[in-house]
Every structure is written in structure tokens, then in C-alpha cells.
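> Sequence isn't available, so here's the structure alone:
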């Protein structure tokens, strides 16, 4: 993922992480770029305050 130096990953609990960046639109650009890292995620969905985990 060379070139995405501002991308951060924060754990959100059971099998969930938040991809975020201080750089505007960087996460969208990363998600739209297909690469080896795609195999690390089951699915990618936009964050919403309604997203909650049913697990602890």
C-alpha cells in the first residue's frame, strides 16, 4: 500500500476495524484500489453510527 502513509487502522471489536485517515478521500481511494490487501478483509462497508457488534 505504498503511497497511503496517512491511512490508519483502529480495532472496533469483534472482527471489525475502522480504516481512517486525516487526508480527505484517502480511505475511499484505498478501498477502490484493488490489491493484495483485499484478502485481509471479508467485506468493506462505509462507517455509520448505526453499526454495532453483536459480539463482545
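That came through fine. Owing to the predicted nature of the structure, the values given are computational and were not obtained by experimental measurement. Residues are numbered from 1 along each chain as shown.
> Can you show me the strands along the protein?
Listed in chain order, the strands of the chain (DSSP state E) span residues 7-13, 16-21.
> Would you mind putting those strands into TSV with mean neighbour count and mean pLDDT alongside?
All C-beta spots, glycine's among them, are computed from the backbone N, C-alpha and C. Supplementary listing: those in TSV, determined by neighbours: other CB atoms under 10 Å; pLDDT from 0 to 100:
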stretch	mean neighbour count	mean pLDDT
strand 7-13	12	89
strand 16-21	14	90
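> Of all those, which one comes closest to residue 32?
Distances from residue 32 to each of the strands of the chain were compared using CB to CB; the minimum, 12.3 Å, belongs to strand 16-21.
> Please name the strands paired to the closest one in the sheet, noting orientation.
Applying DSSP bridges to the sheet, strand 16-21 is found paired with strand 7-13 (antiparallel).
> returning to that earlier point: now tabulate the strands of the chain in JSON lines and tack on distance to residue 46.
Output for the strands of the chain, formatted as JSON lines (distance: least, CB to CB, whole Å):
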{"stretch": "strand 7-13", "distance to residue 46": "13"}
{"stretch": "strand 16-21", "distance to residue 46": "10"}
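> Test my guess that residue 10 contacts residue 18.
Yes - applying CB atoms under 8 Å as the test, residue 10 and residue 18 come out as touching, 4.5 Å apart.
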